[in-house]
Every structure is written in C-alpha cells, then in structure tokens.
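Colleague: sharing a model prediction with you, sequence too.
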Protein chains: 2
Amino acid sequence: MRYTIHDIARELGVSARTVGRVVNQQEGVGEETRKRVEAFIQEVGYRPHSGAQSLRRQASDSIGFMLCAPADQLPLSQDLLTWLFSQLYEVFGTHGKFISFDMNPPVQNGVRDYARGIWQQRFDASVIGGAFYPNDTTLARIHALGAPYVALARLPALPEACTGAVDYEEACYLSTRYLIEKGHTRIGVLQGLPHHVPGIERIVGYKRALDEAGLSYDATLIKPLSFAPKNLTNQFHRLLLDTNVSAVVDASGAQDAHSLREGVRMGGRMLGRDLDMVVWTYTSGAVVLREALAHVWLPVRETAAESIALLGDWLYERRDGPFQVLYRPVIYDTPQGEEVAKPKPVFEVHLEE
Amino acid sequence: MRYTIHDIARELGVSARTVGRVVNQQEGVGEETRKRVEAFIQEVGYRPHSGAQSLRRQASDSIGFMLCAPADQLPLSQDLLTWLFSQLYEVFGTHGKFISFDMNPPVQNGVRDYARGIWQQRFDASVIGGAFYPNDTTLARIHALGAPYVALARLPALPEACTGAVDYEEACYLSTRYLIEKGHTRIGVLQGLPHHVPGIERIVGYKRALDEAGLSYDATLIKPLSFAPKNLTNQFHRLLLDTNVSAVVDASGAQDAHSLREGVRMGGRMLGRDLDMVVWTYTSGAVVLREALAHVWLPVRETAAESIALLGDWLYERRDGPFQVLYRPVIYDTPQGEEVAKPKPVFEVHLEE
DNA sequence: CTGTTAGCGCTTTCAA
DNA sequence: TTGAAAGCGCTAACAG
C-alpha cells in the first residue's frame, strides 16, 4: 500500500496538516504528536509524492542536463562525461539533488526540443551542453523564464544569455596568426562543427588573422568535418591536394593523431618538412601530435567548472542572475611528453561519410 | 509567462479538455480546432507540467539510477559509469526517457535512504547499483511495490527480488579450488567489500573449496579491504607476514597490479617462485597481473546489460514481473597480452586507512 | 465533437 | 497546537 498524507492522518487520528508539518520539519506540532507521526512515517517508509510536491512548491530537487544538438553531432567523450558527472555531483549532488539527463529527446515533426524538461518544470536548474545552431531560438525562451540555467556554449544572437564558453574565434585566430608568423601564406583549416556556432567562429577568427596580415581568404582552404569515420583523414587529404598549402590548423577538436597522420601520408607530405600544423586540444599542456609546430589548448573543463559552480551560486542564492564566462585559449609550442590518447566517445556515431 | 492548459483554453476560446486532447494526441477534436491549438502550443512552446502529469498518470517518463551503498564504499569506475550510461540510454533513452541519477541521497538521522526517488514516485523504473548490506530492508519494500526495478546485486535474504548479479561465491570457490589443485594448502584472501553481501559471499565460496578438500579454515588468512589508499598493499603485506601462506586470491576487485606488486615486494616474496596468485578482473580475457597463475573473470557488464534489457522488457510490457539473472565467473590461465590499466574512479574516495 | 467537473497528493492560508 | 479547505496543473469520467 502506498500511503498519502491523508492516509497517515486518518490512521493516526490527526489532520493532514499536522502530518505535513512533521514531514516538512515545520513548527507547531506537539512533541508527543510529532514523535508518533515520525515513528509511523519511518515504519511505513513514507515520502511525499514528488509530482504533487513540485506542483505546489516551485521546485523539484532535480538538476537537468541536456544537449542542444544531437549526441551524434557532437560526440561526447567518456572522459568529459564522467568529469561532468562528478562536477554536477560536487556542486548539486552534495545538496541531495537528483541529476537528470535528457540527451536524446524525441524528435517531434522534425523538431528536437532539447529543453522539454525545462518547459515541463522538471528541474530547479539546468545545464545545457553542446554547440548551438546559429539559428537557435530555444535559448532565448529559456532565458526569458528567469530560472537558473547555464549553456556551456555561446550564442552570438543572444549575448545576454547565461553562458560558459571557450573562445573558438580566438583559438582559430591565434592558430592562424602563429602560422603566418612562421612565414606561411596558404593555410588550411580542418573545421570541426561546421554547422554550429563554434565551427563558424573558427572561420571568423581565421579571417581576422588573414586580414591582419593582408592575406586574402580562399574558401577552398576550409574543410568542414563530420564525425563520420575517416572523414577527418579524407578531408585532410583533400586539402593537401592543393600543393601550395604549407600549413594547416587542426580545428577538428578530434585529438586524433592517427587520422591526421593518415591524411598527411595520403597527401604525400611530411610534417616538419613540407607541412606545419597547429593542433587543438582540450587538455592543458597535452601533446596530441608530436610533429605539430604548436598546440592550442581550449580550456573547456575549466570553463565548465566555473560555470557550473556559478550556476550553483545562482540556485542557492549566493549570487543573482545570469553570467557570461568566456575563457581564452592558449597557444604553446609543443612541449616534451607522451601523446595523449584519442578520447573514446560515449555513444556510437552512426553517420555515413 | 508560463501557460497552463487553462490559459491556452481561455486564449483560444475552447475548453481545457480540448487543449488536453490536442496535447496528448487524443481523438475527438475538430481538424480546424486542433490546428489552431497546435499552432498556439508550438508558438508559446507549451509543455504540460510534469509534476501535475505524474500526479494523474502513474508515470514520470524518467528512469532512476541509485546506489544502495555510498559511492565511497564502492568506487564506481569511469569506464563502468559511461558504459552504464550508454546502456541506460540504449534501452530507455531511445524511448525518450529522462535518466535520473541519485547517487548521493542525504543521510537523515543516520539513514541513507537510497530509494527515496522510488517512494517519491519519480521513476517509471529503477536500476539499483552497488552491493547490499546483508541487513538491507529497503529492497523488500521496493519489491513489494510491484513497480519495475532491478538490483544489480544479490540479497540472499530476498531471493525473489529482481536481481542481476555475478556469483561471487562461485568466483571465490573457483579461485580457491584452483590453488588447492596446484598443491597449496594455506591460501590467503584479499577480501573486497567485507561488510557487503559480495564480500561475505567470497568467504562462503572460500570455505566451500576448503571443505571439499578437507582443509581447515583459518580466519587470519582473510584480509578485509577498505578503499583507503595503500590499504590493499598493506593488507597484502600483513597477510604475507605469515610465511606459510603460499598462495593468495586477489578478491579485491581493484584490478590494481601496482598495489599487489608493492605488497609482494614488502612481503619479501616473488610471484611464481614462492607465491601464487589468482586475480579477479571485470574484463573478459584481461590480464591484470602478468605474474598471476590465473585470472577469474566476473562478467558484471554482461550481467548488467542483460538485466537492464529485461527491465526494459518489463517496463514496456514485453515480459511480466521480476527476474533473477545470475552470471557465473570464468577462471582462465593467464593468456598473453598487455596488462589492463587500473580503472579510474569517478568520485574521489575520502577514507582514512 | 466539445465542455464541465472531480480529483491526483501536496502545501498553505485561515480559522478554531 | 491543530484542523478545514482551497488550489497547484493536469487527466479522465461523464454530460451535453
């Protein structure tokens, strides 16, 4: 049998209000009555129905995590997921919150409503991961609600949104400028997330560096990438068919030395001799590709950690409203050390080339 | 503004029931009315309040995952967590369920109510991970509710509970018997989870093998382990102070070659010369310790996969009620191959030695 | 085809 | 210190 507050009240010959008082640890119950009610609750293992509770309170004791793009369009690595998991637990789990994931919302007539849990008022606070489509309109709606949330990505159309992001524009600017300074004039870009904001930002940064150096932009030097197997290698190879290309920015984010080397090999090149690279990584000081001229570190974890902590402050009223966190990437000449392994994705990606 | 079904009804000059019909895709709404309502809902991004919904329906569109023991008493590895995550997504996420984790419920007057989410009726189905305390009474209560759940662990006191477990009794029996057959008569056990059911099962299996061989039991050969740093090494060392101990079962589950070697070294022994070991692993065919005489594979993932799939069948009415899944461990002589790395825990463990 | 209405279990206001 | 009752937003039985 499943007890309600009324059942308990009836059983003990008190009113529902009294039971409610005990359950919610409120004042105004006689010592003796309280003891009796507590004992009974303990005995039958009563806990208030969370749906009914959330109907009256404006809270659910639950934190939501969702992805603003399908998981197969931004392969979440196992490392990042477990890291995120432990962050969410550190900030919210220690307050007894449930952490609720909605990474695969059903697609209704072509629309993937990643914020459904928010509309349904399932969460006290929400963390939105991923990369936005440039035409996203959902975030504005979330923002308008006024409830605590943070997007771990930027959306230029909505600069006042609560975000924690890495500056990909700057990353590509730094990478390109670095190669220009080394004397290169025809620089290719392996462009991750071409249809998403961070992919577009890459190109903006690239152009800025070219502009600054008085070099002209050639769209054929940008190779948009999908997450299909071999795509990185093939696009890289295609890029190197242009024999004037002497340097490449690996802005794939794949941290996949093997695929890069394959591309170089297929292109009949040799890194350090007739090809220079700047390679992106998400790990501070990590070496992705030994032969790279330089690496650019994108501090995504650091950004996310600060953002989630601030979201906690917002929820627990230690600060007020939305915030914008923007971390700058760091470029460094390749240090000594082992190459890091290519991250393993959490979900399998089912995409054709 | 947050619309309710009544707001929408008023706005459009229809009844709340009609709006409800459209929202829930039910029959009995005129084509034209339906279109109007749908358009409005789309426009304002209306979604029914999940609390109110769960109050009326008996469903929440959410699957719960909880640990029946504190996370620092059974360090969850990163690998296992991401694996679990993707399993839950495969079975339930594809049906649009939210996956809700409650791994750190607040402790109220000494009691850690790991099933709080179930009492609160937050979940359509629940997965309980971890290892039970022998005196657990919560599971019986969960079982009595009749709602779909599975415990990824056994509880001897409640054999009819819905469980998916690995036979740790058998694992320790096999390990011990193997060493007896190799001529050993004084065999130590590094006992993982000593206060939990699987830890106790280890001893039962150990005794069974001794009994069969007519050997007597000596409690000093059992070294209970905590997850404190160095504890494995120290307990191992302590065990080896008994110079008659010629063989040891590593039933720690730690898959930690380094700590084992440290223990051997401190004990002044040498594996393969004056000490033989059987080492447990959770990965099929994996080599944890090259110098081990044999490995025992505990198919936890395989068990969990089948159990979670069956839970899905139960929830989606492709099968009926509770089930018991029990996988047997497999012993094998160490094959060739690289040693696997020690798994990384998701959460830091804060325990003193 | 559409509307009225009675709860689901809880919180909270107000009254006793 | 305790109780009666309204109502949160939704669903479903029942009327029209």
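Modeller: Alright, I've got the coordinates.

Colleague: so the residue minimising distance to the centre of chain A bridges to which residues?
Modeller: Nearest to the geometric centre of chain A sits A:Gly129, at 3.1 Å (C-alpha atoms, centre = their mean). Residues in a beta bridge with A:Gly129, per DSSP bridges, are A:Leu67.

Colleague: that one: what's it in contact with?
Modeller: A:Phe65, A:Met66, A:Leu67, A:Cys68, A:Leu76, A:Leu84, A:Leu152, A:Ala153 (C-beta atoms under 8 Å, 6 or more residues apart in numbering or on different chains). C-beta: built from backbone N, CA, C; applies to glycine.

Colleague: which residues touch the nearest residue to the fourth one once chain neighbours are set aside?
Modeller: The spatially closest residue to A:Cys68, leaving aside those adjacent along the chain, is A:Gly130, at 4.4 Å (C-beta to C-beta, 6 or more residues apart in numbering or on different chains). A:Gly130 sits next to A:Leu67, A:Cys68, A:Ala69, A:Leu74, A:Leu152, A:Ala153 when contact means C-beta under 8 Å, 6+ apart.

Colleague: what about chain A, any weak spots by pLDDT?
Modeller: Low-confidence segments of chain A (pLDDT under 70): A:349-353.

Colleague: where exactly do the strands run in it?
Modeller: Here chain A has its strands, by DSSP state E, at A:62-67, A:98-102, A:107-108, A:111-112, A:125-129, A:149-151, A:163-166, A:187-191, A:222-224, A:247-251, A:276-281, A:294-297, A:324-327, A:330-333.

Colleague: quick one: which of those is nearest A:Phe347?
Modeller: strand A:62-67 (10.5 Å; C-beta to C-beta).

Colleague: what angle do that closest one and strand A:98-102 make?
Modeller: 30 degrees (axes from the mean of the first three to the mean of the last three C-alpha atoms, to 10 degrees).

Colleague: counting contacts, what elements does strand A:62-67 pack onto?
Modeller: Counting contacts by 3 or more C-beta pairs under 8 Å, 6 or more residues apart in numbering or on different chains; DSSP states H and E, strand A:62-67 is packed against helix A:78-91, strand A:98-102, helix A:116-119, strand A:125-129.

Colleague: try 6 Å
Modeller: On a contact count with 3 or more C-beta pairs under 6 Å, 6 or more residues apart in numbering or on different chains; DSSP states H and E, strand A:62-67 meets strand A:98-102, strand A:125-129.

Colleague: deepest-packed of those, please.
Modeller: strand A:98-102 (a mean of 27; mean count of other C-beta atoms under 10 Å in any protein chain shown).

Colleague: measure the residue nearest to A:Cys68 to DNA strand C for me?
Modeller: Distance of A:Gly130 to DNA strand C, computed by C-beta to the nearest atom of the strand, to the nearest Å: 34 Å.

Colleague: same thing with A:Tyr3?
Modeller: 7 Å.

Colleague: you'd agree that residue is up against A:Val44?
Modeller: Yes. Using C-beta atoms under 6 Å, A:Tyr3 is in contact with A:Val44, at 5.5 Å.

Colleague: circling back: and B:Phe123, which of the strands of chain A is closest to it?
Modeller: Going by C-beta to C-beta, the one of the strands of chain A nearest B:Phe123 is strand A:98-102, 9.7 Å.

Colleague: run the chain-centre distance for the closest one.
Modeller: Distance of strand A:98-102 from its chain centroid, counting by C-alpha atoms, centre = their mean, to the nearest Å, is 15 Å.

Colleague: now stretch A:57-76
Modeller: 10 Å.

Colleague: what comes up buried for that stretch?
Modeller: Within stretch A:57-76, the residues scored as buried using 16 or more other C-beta atoms under 10 Å in any protein chain shown are A:59-69, A:71-76.

Colleague: need the winner for burial among the strands of chain A.
Modeller: It is strand A:247-251: most buried of the strands of chain A by mean count of other C-beta under 10 Å, with a mean of 29.

Colleague: direction included, what does that one pair up with?
Modeller: By DSSP bridges, strand A:247-251 pairs with strand A:187-191 (parallel), strand A:276-281 (parallel).

Colleague: looking at those strands, which is closest to A:Leu310?
Modeller: Of those, nearest to A:Leu310 by C-beta to C-beta is strand A:276-281, at 24.9 Å.

Colleague: burial count for A:Trp229?
Modeller: Careful, residue A:229 is Pro; it's not Trp. 13 (other C-beta atoms under 10 Å in any protein chain shown).

Colleague: contacts for stretch A:87-101 next, please.
Modeller: Applying C-beta atoms under 6 Å, 6 or more residues apart in numbering or on different chains, the external contacts of stretch A:87-101 come out as A:61-65, A:305, A:308-309, A:312, B:98-102, B:104, B:106.

Colleague: do stretch A:239-259 as well
Modeller: By C-beta under 6 Å, 6+ apart, the list of residues contacting stretch A:239-259 reads A:172, A:175, A:179, A:184, A:186-192, A:202, A:223, A:225, A:232-233, A:267, A:269, A:276-281, A:288-289, A:339, A:342.
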